[in-house]
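J.: show me the folded form of this:
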Amino acid sequence: MPRKFIQRLMPDHELIKRQKALRIFGNVLYNPNLWVLNRRSASGAFAVGLFMCFVPLPSQMIMAAGLALCVV
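T.: Numbers count the residues shown, from 1 in each chain. Take a look at the predicted model:
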């Protein structure tokens with residue numbers, strides 16, 4: 001897996017802190033374990049994404065973000 005390439009595509013911590021739409025999650029987004037790219041985190045993210053793609057709700061993105069934060 002081209003890990004360094006994917007890490008370059010990941011957003012910066014400061015950019016995430018400045019997003020007004022993500023402030024509803026509070027300080028949970030500042031957890032350093034959320035920003036580590038390894039086998040376990042990538043497979044967990046894939047599993048959450050695969051589960052949420054089949055949920056037919058209008059609030060699918062909110063649920064996906066909340067579930068992704070709870071998995072870590």
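J.: can we go C-alpha only for contacts and neighbour counts from here?
T.: Noted.
J.: Ile16 is in contact with Arg22, correct?
T.: That one is not Arg; residue 22 is Leu. Yes - Leu22 is in contact with Ile16 according to Cα atoms under 8 Å; the separation is 7.5 Å.
J.: what residues sit buried inside whichever helix in the chain runs longest?
T.: Counting by DSSP state H, the longest helix found in the chain is helix 39-52. When neighbours are counted by 16 or more other Cα atoms under 10 Å, the buried residues of helix 39-52 are found to be 41, 45, 48, 52.
J.: now stretch 53-69
T.: Under 16+ other Cα under 10 Å, the buried positions of stretch 53-69 are 64, 68.
J.: alpha carbons of the worst-scoring helix or strand of the chain on mean pLDDT, as CSV, please.
T.: Every helix and strand in the chain was compared by mean pLDDT, DSSP states H and E; the lowest is helix 60-71, with a mean of 74. Listed next in CSV are the C-alpha coordinates belonging to helix 60-71 (Å, rounded to 0.1, in the frame of the first residue of the first chain):
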residue,chain,number,x,y,z
GLN,A,60,-26.1,9.1,6.3
MET,A,61,-23.0,11.4,6.4
ILE,A,62,-23.6,12.4,10.0
MET,A,63,-24.1,8.8,11.1
ALA,A,64,-21.0,7.8,9.2
ALA,A,65,-18.8,10.4,10.8
GLY,A,66,-20.2,9.6,14.3
LEU,A,67,-19.6,5.9,13.8
ALA,A,68,-16.1,6.4,12.5
LEU,A,69,-15.3,8.4,15.6
CYS,A,70,-16.7,5.7,17.9
VAL,A,71,-14.8,2.9,16.3
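J.: who does that helix touch, helix- and strand-wise?
T.: Helix 60-71 sits against helix 39-52, with contacts defined as 3 or more Cα pairs under 8 Å, 6 or more residues apart in numbering; DSSP states H and E.
J.: from the contact counts, what lies against the helix it packs on?
T.: Helix 39-52 packs on helix 60-71, going by 3+ Cα pairs under 8 Å, 6+ apart.
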